[in-house]
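[1] pasting the sequence and the predicted coordinates here, then a few questions.
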Amino acid sequence: MQDQGFRALYQLYYGMIEQLVLRNNGAVDDAADIFQDGLVALFHKVRKVDFQLTASLKTFLYAICRNLWLMKLRKRKRETPITEVHQETVGLDAEALQLLEDNDRNQLVAEGLSQLGEDCQRVLQLYYFEKCRMKNIAEQMGYSGEQVAKNKKSRCMRKLREWVLSQPQAAEMLQY
Amino acid sequence: MGTKSAASRGDATVLRISQNLLTMSEQEDQYWEKIDDFLDGSMSPDEQTAFSSQVEKEEQLKKDVNLQQQLRQGIAYGSQLDLRSRLAGIHQEYQQSKDIQEGKVIPLNRGMWTRWAAAAAMIIGALTILFLIQSDPTGPELFASNYEAYALKSTTRSPGQDDITDLAVQAYQAGDYDIAIARLQAALETDSEHAPLQLALAVSLWETGQTEEAIAALDPILDHPLLQDQANWYGALFQLAQDNTAAAKGHLEVVQQSGGMLKEKADVLLEQLK
C-alpha cells in the first residue's frame, strides 16, 4: 500500500523537484536522489508523534527537497541564490532534513536485521522505523493480538542482539 | 519400570529446565522492553525520571540502554535502506512510463488504460498518504493535530486602567509564556474569577512543559458556565498528549453533552478514540 502512495507522489511532484534541481545547477540523477531523500525525510517526519502538517503536502515536500538540494550545493561549494519553481514556503526544523547516518555501526545492525526471518524483519521495521503501535502491528501481520506482536518483537530483538553481539567487531563498534 | 521412572524424571527435569529457561528469557525480554519504553518516552513522567536516575547509577543498565539505542538506530537505518531501494524501483517505473508517454506511440486503448490506471493509482496513493498521516492515531498524534493555543482576547478596560491583567494578556499574546505565567498568576490573585485568564494560565503552563500544573490549572473552570467547553477541550487534549485516553474521553463527553461550538470537534475525537 505504501508504495502506491509513493508512486502517487512521483506522479504529482517529481516533475516539480526535477525542475528545481535542473534550474539550479543540478542534473537529472541529482533530482532523482534529492526526491528520494525527500520522500524518506517526509516519511520520517510523518511518523513522528508530534507531526502536524502545517502546509500543503506539495509545499512541505518542496521545502524538504529544496533544503536538501541547498545542502548538497553547499557541500559542492556551488551555492547560489535558488531559482524557485514553487512559490509557497513553509519553515522546517533541522531535524526534518536529517537522514540516518551511513556508518559502520548502523551497517552492522542492518546486516543483522537482514539475517532475520522475513516476519522478524517486518515486525522490527514496523515498530522501530514506522513507529507503529502493537495493535497496528498485530493487524498488519495477522497476529491474534497485541501481546502476540509484543512477544514476537521481543524474540526478534533478542535474536538480533545475539547476532550483533556475536560479531567480532561488535564490542569495539558498540562499546559494549 | 525403573527405566521408565528414570525417563520420566529425566523428562521432568528437561521440562523444568526449559521452563526456567523460558522464564529467564521472559525476564530478559521484560528488562529490554522496559528499556524500550524508556527510549520511546512512553513511561509516566515519574517512572521516566526514576529510570533515568537508575541509568545514571547502574553501569550495566547504562551500557544496555546505549546498546538498545544503537540497535534501534541500526534497524531504522536498515529500514531506510530498504525504503530507499523501493523508491529507486518506483523511480525506474516512473521514468519508463514517462518515456513511453513522451514517445507518443501508445495505442488509444492502452493510453486510456494507462490514464485510468494512473488515476486509480493516484486515488489509492492519496488515500495511502492520508492513511500514513492519519491512521490509527495515538493520543499524542490526536493532540498534535488538534492543539492550538487558546486565543485570549485583549480585555476591555476603562481608560487609565493600566493593570497587570493587560500586561499578562500582552505577554500571552506575544507567546512569552514564562512571563505570562507570572503575570497571569498575579492578575488572578486580584481577580480569581477571571476564567479566560485561568484558561490562559493553563495553556501557558502547558506551553512551558509544566504538564501537571497545566492540568491542575484547568480544575477551577471545568464547570464554568461560559468556559466549560473550552476548559474541558484543553483538558482532553492535555490528557491525550499523555495517552490518557480514558480521562480525555471524560472531558470530551462533557463538551459533547453541552452541545456548544466545540461539540463537532469533540464528536470527531471521540469517534477516533473508539
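    Arrived safely, thanks for sending.
[2] ok now do the closest residue to B:Gln198 other than its chain neighbours, which residues does it touch?
    Leaving aside its sequence neighbours, B:Gln198 sits nearest to B:Ile221 (C-beta to C-beta, 6 or more residues apart in numbering or on different chains; 5.1 Å). Quick note: C-beta positions are derived from backbone N, CA and C, even for glycine. Applying C-beta atoms under 8 Å, 6 or more residues apart in numbering or on different chains, one finds that B:Ile221 lies in contact with B:Ala195, B:Gln198, B:Leu199, B:Leu227, B:Gln228, B:Ala231.
[3] hmm, try it at 6 Å
    B:Ala195, B:Gln198, B:Leu227, B:Ala231 (C-beta atoms under 6 Å, 6 or more residues apart in numbering or on different chains).
[4] which strand or helix spans the second one?
    It stands for B:Gln198. Element membership of B:Gln198, judged by DSSP states H and E, is helix B:195-207.
[5] now do that helix: which elements does it pack against?
    Secondary-structure packing of helix B:195-207 (3 or more C-beta pairs under 6 Å, 6 or more residues apart in numbering or on different chains; DSSP states H and E): helix B:177-190, helix B:211-218.
[6] in space, what's closest to B:Leu167 - neighbours in sequence excluded?
    Per C-beta to C-beta, 6+ apart, closest to B:Leu167 is B:Arg183, 5.2 Å.
[7] residues touching B:Glu213, list them.
    B:Glu213 neighbours (C-beta under 6 Å, 6+ apart): B:Leu205.
[8] pLDDT below threshold where in chain A?
    Within chain A, the stretches with pLDDT under 70 are A:1, A:49-51, A:94-98.
[9] tell me how it divides into domains.
    A:2-92, A:100-175 (automatic domain parsing).
[10] okay if I get these as JSON lines plus mean neighbour count and distance to B:Glu189?
    As requested, the domains of chain A are exported to JSON lines (neighbours: other C-beta atoms under 10 Å in any protein chain shown; distance: least, C-beta to C-beta, whole Å):
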{"stretch": "domain A:2-92", "mean neighbour count": "17", "distance to B:Glu189": "34"}
{"stretch": "domain A:100-175", "mean neighbour count": "17", "distance to B:Glu189": "44"}
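[11] most centrally placed residue in the chain?
    Assuming you mean chain A. Nearest to the geometric centre of chain A sits A:Val40, at 3.5 Å (C-alpha atoms, centre = their mean).
[12] and the helix or strand hosting that one, how far out from the chain middle?
    Taking DSSP H and E as the definition, A:Val40 sits inside helix A:28-46. Averaging C-alpha positions (C-alpha atoms, centre = their mean, to the nearest Å) puts helix A:28-46 8 Å from its chain's average.
[13] check stretch B:189-205 too.
    Here stretch B:189-205 is found 26 Å from its chain centre; the criterion is C-alpha atoms, centre = their mean.
[14] so which bits of chain A are right by chain B?
    Contact residues, chain A versus chain B (C-beta under 6 Å from any C-beta of the partner chain): A:1, A:4-8, A:10-11, A:32, A:36, A:39-40, A:46, A:49-50, A:52, A:100, A:105-106, A:109-110, A:113, A:124-125, A:128-129, A:136, A:154, A:174, A:176.
[15] got the CA coordinates for the helix holding A:Val40 in CSV?
    What follows is helix A:28-46, C-alpha atoms only, in CSV (Å, rounded to 0.1, in the frame of the first residue of the first chain):
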residue,chain,number,x,y,z
VAL,A,28,18.7,14.5,-13.7
ASP,A,29,20.4,12.0,-11.4
ASP,A,30,20.7,14.6,-8.7
ALA,A,31,17.0,15.2,-9.0
ALA,A,32,16.2,11.5,-8.5
ASP,A,33,18.5,11.4,-5.5
ILE,A,34,17.1,14.5,-3.9
PHE,A,35,13.5,13.4,-4.5
GLN,A,36,14.1,10.0,-3.0
ASP,A,37,15.9,11.5,0.0
GLY,A,38,13.0,14.0,0.3
LEU,A,39,10.4,11.2,0.4
VAL,A,40,12.4,9.3,3.1
ALA,A,41,12.6,12.5,5.1
LEU,A,42,8.9,13.1,4.6
PHE,A,43,8.2,9.5,5.7
HIS,A,44,10.3,10.0,8.9
LYS,A,45,8.5,13.3,9.6
VAL,A,46,5.0,11.9,9.1
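[16] tell me what that helix is packed against?
    helix A:2-23, helix A:57-75, helix B:59-103.
[17] of those, which is nearest B:Ile164?
    helix A:57-75 (41.0 Å; C-beta to C-beta).
[18] which residues sit against that closest one?
    A:13, A:17, A:21, A:34, A:37-38, A:41-42, A:79, A:86, A:88, A:90, A:92, A:97.
[19] just the C-alphas of that helix, formatted as PDB.
    Extracted C-alpha coordinates of helix A:57-75, given in PDB (Å, rounded to 0.1, in the frame of the first residue of the first chain):
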ATOM      1  CA  LEU A  57       1.900  18.300   1.100                       C
ATOM      2  CA  LYS A  58       3.300  19.800  -2.100                       C
ATOM      3  CA  THR A  59       4.700  22.800  -0.300                       C
ATOM      4  CA  PHE A  60       6.100  20.600   2.500                       C
ATOM      5  CA  LEU A  61       7.800  18.200   0.100                       C
ATOM      6  CA  TYR A  62       9.100  21.100  -1.900                       C
ATOM      7  CA  ALA A  63      10.600  22.700   1.200                       C
ATOM      8  CA  ILE A  64      12.300  19.500   2.200                       C
ATOM      9  CA  CYS A  65      13.800  18.800  -1.200                       C
ATOM     10  CA  ARG A  66      14.800  22.500  -1.700                       C
ATOM     11  CA  ASN A  67      16.700  22.400   1.500                       C
ATOM     12  CA  LEU A  68      18.300  19.100   0.800                       C
ATOM     13  CA  TRP A  69      19.400  20.400  -2.600                       C
ATOM     14  CA  LEU A  70      20.800  23.600  -1.000                       C
ATOM     15  CA  MET A  71      22.800  21.400   1.500                       C
ATOM     16  CA  LYS A  72      24.200  19.500  -1.400                       C
ATOM     17  CA  LEU A  73      25.100  22.600  -3.300                       C
ATOM     18  CA  ARG A  74      26.800  24.000  -0.200                       C
ATOM     19  CA  LYS A  75      28.800  20.800   0.000                       C
END
